[in-house]
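Enquirer: what's the 3D shape of this:
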Amino acid sequence: MLLYIHGFNSSPLSDKAVVTANYIRQHYPALQFEQPQLPTEPKKAMALLVEYCEQAKASAQPLMFIGSSLGGYFASYLAEKYGGKAVLVNPAVKPFELFEDFIGPQYNPYTDEHYQVLPEHKDDVAEFNTEVIRHPDRFFVMLQTGDEVLDYRQALHKYHCCEMLLEPNGDHSFVGYETHLARICQFLGLSDQ
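Expert: Got it, this is the predicted structure:
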């Protein structure tokens, strides 16, 4: 099972998510590919992701993750807990440190949903922090130095022992992401299918 995990205030309708889904459908049609719309509350989002992981575990399916931004933060936690390989695209490293800026009303343009980020969501997100990467071989980290949302150096430091692609410039969306899909799938072990 390949689980694509979108970022904060995003959805399976984002450009990266759509490009990924189309690529997987075209090249690996037999692969179970899941791309859920995450609930806005962190604990509910993780509960949903854990359901998918438990389902894969119960059916003895290998687990793979692609996580973008906050989705990369969640993917780190899940790959360390359940195993499997994870590709992290401009991942959030300490999103709980940024939550002060987002507390209050929010609007998701993909889902047309209005919702609230509450102060307690900061602690909820912090629960899923993986301070130390114990299995660096599970991770391929894609960073662009021009990320205007997150400081790429935090991820560079945290994942220094992992396979990494560091590109100059770019932005938080990871410019040119679609050109790396073959390499992403190779890292996930899909090239043999």
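Enquirer: for residue 166, helix, strand, or coil?
Expert: strand (DSSP: H, G, I helix; E, B strand; the rest coil).
Enquirer: tell me the secondary structure for the nearest residue to it once chain neighbours are set aside?
Expert: In space, and not counting its chain neighbours, residue 166 is closest to residue 143: 5.0 Å by CB to CB, 6 or more residues apart in numbering. For glycine as for every other residue, the C-beta is placed from the backbone atoms N, C-alpha and C. Using three-state DSSP, the structure places residue 143 in strand.
Enquirer: ditto for residue 133
Expert: coil.
Enquirer: And the pLDDT at it?
Expert: Per-residue pLDDT puts residue 133 at 95.
Enquirer: so it touches residue 139, yeah?
Expert: Yes - applying CB atoms under 8 Å, one finds residue 133 in contact with residue 139, separated by 6.7 Å.
Enquirer: what about these two, which has more around it?
Expert: Applying other CB atoms under 10 Å to residue 133 and residue 139 shows that residue 139 carries more neighbours, namely 25 against 18.
Enquirer: From residue 155, how far out is the more buried one?
Expert: Taking CB to CB, to the nearest Å as the measure, residue 139 falls 10 Å from residue 155.
Enquirer: Show the backbone phi and psi for the most centrally placed residue in the chain.
Expert: Taking CA atoms, centre = their mean, the centroid of the chain lies closest to residue 67, which sits 1.5 Å from it. Taking degrees, to the nearest 10, you get phi -130, psi 130 for the backbone angles of residue 67.
Enquirer: Assess the claim that it and residue 84 are in contact.
Expert: No - between residue 67 and residue 84 there is no contact under CB under 8 Å: 11.7 Å.
Enquirer: Can you check which residues contact both of residue 139 and residue 155?
Expert: Counting by CB atoms under 8 Å, 6 or more residues apart in numbering, the residues touching both residue 139 and residue 155 are residue 88.
Enquirer: shared neighbours of residue 133 and residue 139, which are they?
Expert: 76, 159, 162.
Enquirer: any weak-confidence spans in the chain?
Expert: 191-193 (pLDDT under 70).
Enquirer: Strands of that one, start to end?
Expert: Listed in chain order, the strands of the chain (DSSP state E) span 2-5, 33-34, 64-68, 85-89, 104-108, 113-117, 139-144, 163-167.
Enquirer: Check which helices and strands the first one sits against.
Expert: What it means is strand 2-5. Using 3 or more CB pairs under 8 Å, 6 or more residues apart in numbering; DSSP states H and E, the elements in contact with strand 2-5 are helix 15-27, strand 33-34, helix 42-58, strand 64-68, helix 70-82.
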